[in-house]
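Asker: show me how the following folds:
(2 chains)
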Amino acid sequence: DAGVIQSPRHEVTEMGQEVTLRCKPISGHDYLFWYRQTMMRGLELLIYFNNNVPIDDSGMPEDRFSAKMPNASFSTLKIQPSEPRDSAVYFCASRPSGPNTGELFFGEGSRLTVL
Amino acid sequence: RKEVEQDPGPFNVPEGATVAFNCTYSNSASQSFFWYRQDCRKEPKLLMSVYSSGNEDGRFTAQLNRASQYISLLIRDSKLSDSATYLCAVNRLGGGGNKLTFGTGTQLKVEL
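Answerer: Prediction:
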């Protein structure tokens, strides 16, 4: 079975450019999460969706960040304009509805470097 | 103070050793607890949940101390393949239990 699929795996861009990260959750999973991981701050929750609806975006650092989930099989995280401090690994994760076992299924991540 | 704190390590141990990590959490309303494993440049994966009474899965034992607000992970007879970063994760009440907060991780290196 396919896991969570993220693209691109690596992105190097210059400050001020727009960055779009993409995620395809596991089929049938109703929850989708975007996390950011850095050495200093660890893994931080940015936003999560339930049934394509954003439920909590309190972790989104600022207005430069936006996320959408137009359908059950696709989500995007956009940074516009990007800044060097946005450099991090961005993970998408999903889980099914039902009892919350605490198990999130992560994609392999998108490693972003902003020069 | 961070909501979830871990000693970053690294913990360098010889193969066969027993090693233990602690993780402290600051929010007493925290409801459920987990250990994740993350290999170098890979995604985190659930290792085990942590139950109030403590639980064991093979060489791994997880414990919860609500009074002191920490969870622990004990690895017995460590293997080279146990080398990884171990992240603790805490779920808070509210938000549908979906706000899983992670520590920054403890790095373990098992050596010959």
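
Asker: what's the span of stretch A:21-38, first residue to last?
Answerer: For stretch A:21-38, the first-to-last residue distance is 17 Å (CA to CA, to the nearest Å).

Asker: buried stuff in that stretch?
Answerer: By neighbour count on 16 or more other CB atoms under 10 Å in any protein chain shown, the buried set for stretch A:21-38 is A:21-26, A:29, A:31-37. Where C-beta positions appear, they are placed from N, C-alpha and C, glycine not excepted.

Asker: repeat for stretch A:38-57
Answerer: A:42-43, A:45-49, A:54-56.

Asker: where does the chain dip in pLDDT?
Answerer: Looking at chain A here, since you left the chain open. Within chain A, the segments meeting pLDDT under 70 span A:1, A:100.

Asker: please refer instead to chain B.
Answerer: If you take pLDDT under 70 as the line, chain B has these spans: B:93-97.

Asker: quick check: residues of chain A near chain B?
Answerer: Residues of chain A lying close to chain B by CB under 8 Å from any CB of the partner chain are A:31, A:33, A:35, A:39, A:41-45, A:48, A:50, A:55-56, A:91, A:100-104, A:106-109.

Asker: just the ones of the residues you listed in strands?
Answerer: If you go by DSSP state E, those have A:31, A:33, A:35, A:42-45, A:48, A:50, A:55-56, A:91, A:106 in strands.

Asker: of all those residues, which two lie farthest apart?
Answerer: Pairwise distances among these were taken by CB to CB; the largest, 24.0 Å, belongs to A:Gly42 and A:Asn50.

Asker: can you give me the strands for chain B?
Answerer: In chain B, the strands defined using DSSP E lie at B:4-6, B:11-14, B:19-25, B:30-38, B:44-50, B:55-57, B:60-65, B:70-75, B:84-92, B:100-102, B:106-111.

Asker: and stretch B:70-89 with chain A, contact?
Answerer: Yes: counting by CB under 8 Å from any CB, chain A is contacted by stretch B:70-89 at B:87, B:89.

Asker: end to end, how far does that stretch reach?
Answerer: End-to-end distance of stretch B:70-89: 11 Å, with CA to CA as the criterion.

Asker: tell me the buried residues in it?
Answerer: By neighbour count with 16+ other CB under 10 Å, stretch B:70-89 contains the buried residues B:70-73, B:75, B:78, B:82-89.
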